[in-house]
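J.: Okay, structure incoming, though there's no sequence with it:
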């Protein structure tokens, strides 16, 4: 083979290698974003369940204008074979839910984590921890 053909083969291998590396990087980035979006969606759903509990009268199994006694449904505790875990604190005037996802977050060492604050008569506040 000529020197030009060998150079073209090496150049082609370099281009393919760079394309593969970029593909892996794009997949990892979209995987983390999908996990973060899933966690956000589930936590907002939990917040709506908590507000519904707050407004339901105690005689009907609700909180009667209190978050005390609200619990995360079992379906969320077993979510995706236990890979996403939720902790919560239910007080009379608010619920704080902390969700930990499956993907490694922006810092590269710990899993994504989000904290959401649920109040009965105002918008939900949430903070992305990682």
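T.: Alright, I've got the coordinates. All values derive from a computational prediction rather than experimental measurement. Numbers count the residues shown, from 1 in each chain.

J.: mean confidence score for the lengthiest helix in the chain?
T.: In the chain, assigned by DSSP state H, the helix with the most residues is helix 3-55. Average pLDDT, helix 3-55: 85.

J.: Rounded mean pLDDT for the helix or strand that that helix is followed by, please.
T.: Sequence order places helix 74-77 as the next helix or strand after helix 3-55, per DSSP states H and E. The average pLDDT within helix 74-77 is 72.

J.: Number the chain from 25, please
T.: Right, with 25 as the first residue, what we last looked at is helix 98-101.

J.: Now do the same contact list for the residue nearest in space to the middle of the chain.
T.: Nearest residue to the geometric centre of the chain (Cα atoms, centre = their mean): residue 63, 2.4 Å. With contact taken as Cβ atoms under 8 Å, 6 or more residues apart in numbering, residue 63 is in contact with 108, 123, 125, 136, 138. For the C-beta atoms, the positions are set from N, CA and C on the backbone; glycine is no exception.

J.: Okay then, goodbye and thanks.
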